[in-house]
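# quick one, what's the 3D model for this:
(chains A, B and C)
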Amino acid sequence: METLVFYLFGGIALLAAVSVVAQKRVFYSALSLILCLGSVAVLFLALEAPFIAAVQIIVYAGAIMVMVLFVIMMLDPFSAAAARDKRRRLTCLAAALGLVALVVMFTLMRAHDPAALPVDAGGVPLAAAPVSRLGQLLFTRFLIPFEATSILILVAIMGVVVLARKRS
Amino acid sequence: MNPYLVLSLLLFLVGTTGFIVKKNVLAMFLCVELMLNAANLAFVAFARDLGHLQGQIFVFLVMVVAAAEAAVGLAIMIVLYRRRQTLNPDDADTMKG
Amino acid sequence: MMTELLWLLPLVPLAGAAATGLLGRRLPKRAVTLVACGASGAAFVLALAAFLELLSLAPGDRRIERELFTWIAAGDFTAKAALLLDPLSAVMTLVVTGVGFIIHIYSIGYMRAQEGYYRFFAYMNLFLFSMLVLVLAGNFLLMFVGWEGVGLCSYLLIGYDFHRPAAADAGKKAFIVNRIGDFGFILGILLVFLTFGDLGFGRVFGEIAAAPSRFPPEAGIGVLTAIALLLFVGAMGKSAQIPLHVWLPDAMEGPTPVSALIHAATMVTAGVYMVVRCAPLFSRAPVALDVVLVVGSATALMAATIGLAQTDIKRVLAYSTVSQLGFMFMAAGAGAFSAGIFHLMTHAFFKALLFLGAGSVIHALAGEQDLRRMGGLRRRIPVTFWTMLVAALAISGIFPLAGFFSKDEILWAAWAGGHPAVWILGLLTAGLTGLYMFRLIFLAFFGEPRHAEGAHPHESPPSMTGPLVALALLSAAGGFIGLPAWLGANRFARFLEPSLSLAHRGEAPHFSHALEFAFAALSVAVALAGIFAAHRIYLARPGAAGRIAARWGAIHRLLRDRYRFDEFYDRAVVRPLLGLSERTLWLRVDVGVIDRCVNGAGSSMVSLGALLRGMQNGLIRSYAAWIVAGMAAVLLYLSLLRS
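Residues are numbered from 1 along each chain as shown, chains lettered A, B, ... in the order given. Here you go, the predicted structure:
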């Protein structure tokens, strides 16, 4: 079952990703990205991370992408003013990177021994991990990163306000 | 060999390629999001593999950062558009040399 | 007493040099004079004291060695600053300080009007110091220090009026030609050290004398001969023997007192002193002695012929000096070392006198140095005339003046030592000496005045004429301490004997006193013939000189052009070196290689930078591509490393 889900939604995600790159119009790229995000969310579900899947849909696909769409609509959504992307460069680059990726994959994967990796002492097996467990971890062990991100968001807000206001 | 990791890698590569090739800053930004997503997928895959939640915690944090980065980045792009009337990154080469 | 204070002798002039050199600019002329002449006078007094102390010792004990300090201590090699006072160095110090003092007095009047009065006296005192170090040194290394010191002072003093290019060039020429000789000298010193393991005179000569089996008189060229020849190369440079004589005539660009002191009486005699000091060495190296003999006699003759055709009064005297130095080396080469030193001493008297007198003449004529524009000065500057006449007679070897005794002893030694050809050359040279010397006298002092209008020849002040008279007395009476065998005892030679005791003496054939007397009479006759010839040519029959010059035109030109040594050196040595320097070393090496390396390093960095700048094209996407490429490379590396 899981394999089926993986191949189906993984394939959709991959195709959507390629579409993001391949589309001429940026609006369509954004839409493709939303599709990709959704498929990845399903994959998260398959990977026993329901909370993360939900957050993906709500935050990523819901908030971030909407914001992006707003900006796209604001700044010239359907223009083909940008020059043609060079196809050849794209394929060459993709091929080179793909080669590197394969090499990396094979060598890394072969050496990877899951049993040798350290297991977190405070870790809870996933099978018995409700979402509340995630929350507990966030507010105990990972409290400082959590608070740091709130500061980060504050800074981002200030930055955006400063940057995007109209000069009077 | 974890297939999810393979998928993550492929998504990452697609995103990288797109980032380099696209001539619209917004499109480049979308590719960055794609790359981040690929990383998230890898994290969650590892979390499941190794049997603990640290990976998911990290994904949480990545998403927060991605949101902040999206906001600021888009603001910059808006300013760029206002200044130069262009969304072509090649036109912003005053740092040349 | 002197044994403890020996170091004071060279130090007093050094202190004088330091005082006048450092403070002289702000002191009045009188103070400078006092310090400088006082220093040289004090040095003379000290030399006298040392001499007297030496006399108070028994002849066999007349040897005072004082080690001052250890100069170099490097592994097996130690060099000490050691002074040696024995009859030879006593004679030399007396000559140096005595004549030096007299010339210092003379310089007061002569240099009065010059700029940089203090500088002159500082250099002169410095010279005295160096020369004293040279003659009092107890080992080769310290002697070499003095050797170089006098070379330096010679350069400084020749180029004293350095604003004149001729003077500056002459100074350089002197120093450089000297350097060539010094090269041989240094090699000689090294060879001494290699052979004997020490550089002290006592040790080295003692070792030579003490081991006759190890150091026999050599038949061919052994190590002793090699050492001797190398040392002689240094002597040739310093004492202006052919072919390294070319610097001495040019050195006449310096002030006349300098010519008198350095290039007549003292510095140029350093080579002779050195050879005589190393008599134990030379006497056991017959080949080297023969070389000395040949070079000396050839130089004597050649220089005399050149002097015949020169028109500058100082240049005539310069070539005369070269010629007389040749005589001294002739003596050494014939084994008559004390005769060489005797002639050194008498020559110091009359040559210094001749130069100072020439200076007086030049001073009287307000700077005129050309003999053709002198004449009839006899009555105008009588003191100068009479003293110079005495000197001319002395140098020509007329009895009973000093030059007769010393020169005669040399000629006799040449004959008695079995070198008849050399004797003939010497005789010929003696005749020529009389000829050119009296040519000078007649042209300058006799005949119709030919000097420029407006010049009022006047006698020099007493500060200048006093030294002339003093030297004239010495030139007249100085010979009597070295009487030849047929007249009495040679006290000079007897006094010097202890210094030469380690020299090897061969079998000396005995000749009768009558024969000696006959030879002496012959040499006087030849000299008189020369004087008479000079009279006939330059005085009695006007125009005779011109006619002779016209008839023997080619020879006259050759003599006037000084055998074209300078031209030859210029073509053979100077121009090729210049060409090498300019075209090869400068152009190809310095500019082509070194500059290119340096500039190339710079410009290659610039090009590399330009290359790398291509990365900084301001395009974000390009930057991203580079990042990805780097990332891929690192991943590749790591993955390959893992596997």
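
# does residue C:48 touch residue C:94 like I think?
Yes: judged on Cβ atoms under 8 Å, residue C:48 makes contact with residue C:94 at a distance of 7.1 Å. In this view, the C-beta of every residue, glycine as well, is placed from N, C-alpha and C.

# centre-most residue in the chain?
In the absence of a named chain, this looks at chain A. Central residue of chain A (Cα atoms, centre = their mean): residue A:37, 6.7 Å from the mean position.

# that's the wrong chain, I wanted chain B
Centre-nearest of chain B using Cα atoms, centre = their mean is residue B:32, 2.2 Å out.

# give me the number of residues near the closest residue to chain C within chain B?
Residue nearest to chain C within chain B (Cβ to the nearest Cβ): residue B:93, separated by 2.9 Å. By the measure other Cβ atoms under 10 Å in any protein chain shown, the count of residues near residue B:93 is 14.

# tell me the spacing between residue A:164 and residue B:75.
4 Å (Cβ to Cβ, to the nearest Å).

# so which elements touch the helix or strand harbouring residue C:71?
Using DSSP states H and E, residue C:71 maps to strand C:64-74. Here strand C:64-74 touches helix C:2-5, strand C:77-85, helix C:140-158, going by 3 or more Cβ pairs under 8 Å, 6 or more residues apart in numbering or on different chains; DSSP states H and E.

# do you know which of those lies nearest residue C:308?
helix C:140-158 (24.7 Å; Cβ to Cβ).

# could you pull out the buried residues of the helix or strand immediately after that closest one in the chain?
Per DSSP H and E, the first helix or strand lying C-terminal to helix C:140-158 is helix C:165-196. Residues of helix C:165-196 classed as buried: C:167-168, C:170-171, C:173-175, C:177-178, C:180-182, C:184-189, C:191-193, C:195-196 (neighbour count, 16 or more other Cβ atoms under 10 Å in any protein chain shown).

# so helix C:165-196 versus helix C:140-158, what angle?
180 degrees (axes from the mean of the first three to the mean of the last three Cα atoms, to 10 degrees).

# which residues are contacting stretch A:161-168?
Residues outside stretch A:161-168 that contact it (Cβ atoms under 8 Å, 6 or more residues apart in numbering or on different chains) are B:72, B:75-76, B:78-79.

# can you count the residues close to the closest residue to residue C:425 other than its chain neighbours?
By the measure of Cβ to Cβ, 6 or more residues apart in numbering or on different chains, the closest residue to residue C:425 outside its immediate chain neighbours is residue C:297, 4.6 Å from it. For residue C:297, the count of nearby residues is 26 (other Cβ under 10 Å).

# my guess is residue C:297 contacts residue C:328. True?
No: using Cβ under 8 Å, residue C:297 is not in contact with residue C:328, being 11.1 Å away.

# past the helix or strand of chain A with the lowest mean pLDDT, which element shows up next along the chain?
Within chain A, judged by mean pLDDT, DSSP states H and E, the helix or strand with the poorest mean is helix A:87-111; its value is a mean of 68. Later in the chain than helix A:87-111, the nearest helix or strand by DSSP H and E is helix A:131-139.

# what about that next one, average pLDDT?
Averaged across helix A:131-139, the pLDDT comes to 83.

# in chain C, which residue sits closest to chain B?
Taking Cβ to the nearest Cβ, chain C has residue C:618 as its residue nearest chain B, at 2.9 Å.

# what about that residue, is that helix, strand or coil?
Using DSSP: H, G, I helix; E, B strand; the rest coil, the structure places residue C:618 in coil.

# and if you look at the one 4 residues further on?
Using three-state DSSP, the three-state assignment for residue C:622 comes out as helix.

# okay, now it: neighbour count?
Residue C:622 sits with 17 neighbouring residues when counted by other Cβ under 10 Å.

# next, the nearest residue to it once chain neighbours are set aside: secondary structure please.
For residue C:622, ignoring the flanking residues on the chain, the nearest one in space by Cβ to Cβ, 6+ apart is residue C:615 at 7.5 Å. Classification of residue C:615 using three-state DSSP returns coil.

# phi first, then psi, for whichever residue of the stretch 1-150 of chain C sits closest to chain A.
Taking Cβ to the nearest Cβ as the measure, the stretch 1-150 of chain C has residue C:75 as its residue closest to chain A, at 63.3 Å. Main-chain torsions, residue C:75, degrees, to the nearest 10: phi 60, psi -120.

# what number of residues lie near it?
5.

# state the pLDDT value of it.
Reported pLDDT for residue C:75: 80.

# and the lengthiest helix in chain B, is it in reach of chain C?
Secondary structure of chain B per DSSP state H: the longest helix is helix B:54-84. No: using Cβ under 8 Å from any Cβ of the partner chain, helix B:54-84 stays clear of chain C, coming no nearer than 10.9 Å.

# tell me which residue in chain C sits closest to chain A.
residue C:639 (3.7 Å).

# good, we can wrap up now.
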